[in-house]
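Chemist: Model the structure of this input:
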Amino acid sequence: MNKLIGFLVGFLAIVGVGASIMHYVKEPYNVGFLDYPLITGVHVIAGGLYLFLAPFQFLTRIRTRWINYHRYAGRALVVLGILVGFSA
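Modeler: Okay, the predicted model is just below:
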């Protein structure tokens, strides 16, 4: 069951990062994004990084073997979450 949950979380993270990248490849769905390009860019890039890093926090192997990585990634996720929240 843990592998299925890990796979689903990883898949959803990849979909989220892909959607973030597609924002810059295609025209935006909402033309209002063009009114605030800096804020939108911060939101999309920070959100993409968050979605990339977050699933690794749930892996037991990383928490036990690379505790320093786990701690620094957790701190980075807090900062990224704040950036994403304020830029939303």
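Chemist: now the helices for the chain?
Modeler: 2-25, 37-53, 60-65, 67-87 (DSSP state H).
Chemist: With distance to V31, mean pLDDT and mean neighbour count added, can I get those helices in TSV?
Modeler: C-beta here means a position set from N, CA and C on the backbone, and glycine is covered the same way. Listed next are the helices of the chain as TSV, based on distance: least, C-beta to C-beta, whole Å; pLDDT from 0 to 100; neighbours: other C-beta atoms under 10 Å:
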stretch	distance to V31	mean pLDDT	mean neighbour count
helix 2-25	13	75	13
helix 37-53	11	83	17
helix 60-65	41	81	11
helix 67-87	18	89	13
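Chemist: how close does H70 sit to G32?
Modeler: Going from H70 to G32 by C-beta to C-beta, to the nearest Å gives 38 Å.
Chemist: my bad, should have said I21
Modeler: I21 sits 20 Å away from G32, going by C-beta to C-beta.
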